[in-house]
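In: task: produce atomic coordinates for the following.
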Amino acid sequence: MKRRDFINKTAATASVFSIVPSHVLGLGRTAPNDKIQLGFIGVGKQGRGLMTNFVNYENASVLAVSDVDVNKMSFFNETYQKAMGKKNKSSQNLDQITAYRELLERKDIDAVVIASPDHWHAQMAVDAAKAGKDIYCEKPLSSSVAEGRAMVDSARKYERVFQTGSMQRSWDRFRQGVNLIRNGYIGEIKEIKVAIGSPYKACDLPSQPIPENIDWNAWIGPAPYRGYHFDLACPLEDKRWGMWRDYTPFGGGMITDWGAHMFDIVQWALDMDDSGPLYFNPPAGVASEGLTYTYENGITVTHTKWGRGNNEIQFIGTEGRLEISRGYLKTFPNAALAKTPLKETDTNRVYNSPNHHEDWLDAIKNRTRTICDVEVGHRTATVCNLANIAYALQRPLEWNPQSEEFINDPGANLLLDRAYRAPWDYRDF
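Out: Purely as a prediction, here's the structure:
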């Protein structure tokens, strides 16, 4: 939507007018060409890392943070002050708010960055859309297919600019690899192998005393309640990533954590951002790899360690192979192909986003779609979540990407959503 059309449309009624960000309409503390004012929800390691990127841009500023851990909010503020000092920029102490909905009520905040544990993504993103905030939400976008579709629908209903944090789409190496594949440089793709870690597992950690600095009930939020353990919410002095990623219902294992990166590149390369696979076939019995999924065009993707380790992809075509990870891009048998510029006649090129964070900020200003729009993030998360379901059920599943349900399998369809504790309800938008 063009910016002028957007302003005219949203100014038409008071109900819609109330949710338009201040930087778009020139209300409150900001004018149309001034900075996009950000709030951060979830300020652990990933949130702090994102903040150190966003402070690089003159058209954005950070106003407030929200987290259930007061120590992490304080440390985030300290990290922010240091980052601004290194850039010789003036700054003020960030407002620290324990209840994220209070942050969303702020009229001076235009957009939010959500870097909470995965089980919170859907509720927070839907609430942010309702509040009229543009959204950057970390990957994997959702913990269930139903959550992801609600995130898409709410973003569209309230006309929000949404960026999913699958930032590999904005990296030169992955863009080059995808462009080579889409333009037939290794021929017709026949098979793909993706090396990532294991599916989720049940949480069997013992309960421990709850630290005074954290509101544990709020950390659990919409998920079924269980006792605190420091592996789930690592304290500041523990330098690890939170291990909630491994355990359902808080995370989806490496299938969602790294699948949201590597399965995402497969979706992108095959031009499947509005669709997905049709068949999921797990290995027999309890397994941590070996699942295959197949697209309508017959291309089969196998979840398996095929090379030097995890987090790498091998594309096998009729005229060669392309192998890619964050550390390399290799092509066989023509090694020089990896660095070969595209021909002028290569028209099947992907959108060029030189920077994932800047792409979002530019899209907010121009009211356009981002490179990893909410629908893109939802479709990739769907692949991840369906793979976990297939591993859990240990039987083949047939999927309809249009209706987003399993075919003739009511039992499997029950796993497309997850129970929420009251009063949380991501469907309320």
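
In: can you list the domains in this structure?
Out: Listed domain ranges for the chain are 3-168, 169-199+255-416 (source: automatic domain parsing).

In: what about the shortest one, distance to the chain center?
Out: Relative to its chain's centre, domain 3-168 lies at 14 Å (C-alpha atoms, centre = their mean, to the nearest Å).

In: likewise stretch 277-285?
Out: Taking C-alpha atoms, centre = their mean, the mean C-alpha location of stretch 277-285 is offset from the chain mean by 24 Å.

In: buried ones in that stretch?
Out: Buried residues in stretch 277-285, counting neighbours by 16 or more other C-beta atoms under 10 Å, are found at 277-283. Where you see a C-beta, it was placed from the backbone N, CA and C, and this is true even at glycine.

In: got a list of contacts for it?
Out: Outside of stretch 277-285, the residues within contact range by C-beta atoms under 8 Å, 6 or more residues apart in numbering are 289-296, 301, 383, 386-387, 389-391, 393-401.

In: may I have the phi/psi pair for residue 427?
Out: Backbone dihedrals for residue 427, given as degrees, to the nearest 10, come out at phi -80, psi -10.

In: what's the burial count for the residue nearest to it when sequence neighbours are not counted?
Out: Counting by C-beta to C-beta, 6 or more residues apart in numbering, the nearest residue to residue 427 once its immediate chain neighbours are dropped is residue 150, at 5.9 Å. Applying other C-beta atoms under 10 Å, we find 24 other residues in the vicinity of residue 150.

In: helices or strands up against the one helix or strand residue 150 maps to?
Out: Counting by DSSP states H and E, the element that carries residue 150 is helix 145-157. The helices and strands touching helix 145-157, judged by 3 or more C-beta pairs under 8 Å, 6 or more residues apart in numbering; DSSP states H and E, are helix 121-130, helix 374-393.

In: got these as a markdown table, with mean neighbour count and mean pLDDT columns?
Out: Shown next, in a markdown table, are the helices and strands packed on helix 145-157 (neighbours: other C-beta atoms under 10 Å; pLDDT from 0 to 100):
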| stretch | mean neighbour count | mean pLDDT |
| --- | --- | --- |
| helix 121-130 | 26 | 98 |
| helix 374-393 | 25 | 98 |
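
In: mind putting those helices into a markdown table with distance to residue 329?
Out: Rendered in a markdown table, the data for these read as follows (distance: least, C-beta to C-beta, whole Å):
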| stretch | distance to residue 329 |
| --- | --- |
| helix 121-130 | 30 |
| helix 374-393 | 20 |
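
In: which one of those lies nearest to residue 74?
Out: helix 121-130 (21.1 Å; C-beta to C-beta).

In: which parts of the helix or strand just after the closest one are buried?
Out: Next helix or strand after helix 121-130 toward the C-terminus (DSSP H and E): strand 134-137. By 16+ other C-beta under 10 Å, the buried positions in strand 134-137 come out as 134-137.

In: before we move on, the earlier item: pull the helix holding residue 150 out as CSV, backbone CA atoms only.
Out: Listed next in CSV are the C-alpha coordinates belonging to helix 145-157 (Å, rounded to 0.1, in the frame of the first residue of the first chain):
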residue,chain,number,x,y,z
VAL,A,145,0.3,-23.8,12.8
ALA,A,146,-2.9,-22.2,14.3
GLU,A,147,-0.8,-19.6,16.1
GLY,A,148,1.1,-18.7,12.9
ARG,A,149,-2.1,-18.2,10.9
ALA,A,150,-3.5,-16.0,13.6
MET,A,151,-0.3,-13.9,13.5
VAL,A,152,-0.7,-13.5,9.7
ASP,A,153,-4.4,-12.6,10.0
SER,A,154,-3.9,-10.1,12.8
ALA,A,155,-1.0,-8.4,11.0
ARG,A,156,-3.1,-8.1,7.8
LYS,A,157,-6.2,-6.9,9.7
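
In: quick revisit: nearest to residue 200, out of the helices and strands packed on helix 145-157?
Out: If you check each of these against residue 200 by C-beta to C-beta, helix 374-393 wins as the nearest, at 5.7 Å.

In: relative to helix 121-130, how tilted is the closest one?
Out: Note on geometry: by axes from the mean of the first three to the mean of the last three C-alpha atoms, to 10 degrees, helix 374-393 and helix 121-130 are set 160 degrees apart in direction.

In: how far away is the nearest residue to residue 303 once chain neighbours are set aside from residue 387?
Out: Computed as C-beta to C-beta, 6+ apart, the closest residue to residue 303 that is not its neighbour in sequence is residue 291, at 4.7 Å. Using C-beta to C-beta, to the nearest Å, residue 291 is found at 6 Å from residue 387.

In: give me the common contacts of the two.
Out: Any residue near both residue 291 and residue 387 by C-beta under 8 Å, 6+ apart counts here, and that gives 280, 303.

In: did I read that right, residue 193 in a helix?
Out: No - read with DSSP: H, G, I helix; E, B strand; the rest coil, residue 193 is strand and lies in no helix.

In: for residue 222, state which of the buried residues of strand 134-137 is nearest.
Out: Within the set of the buried residues of strand 134-137, residue 137 lies nearest residue 222; the separation is 15.5 Å, counting by C-beta to C-beta.
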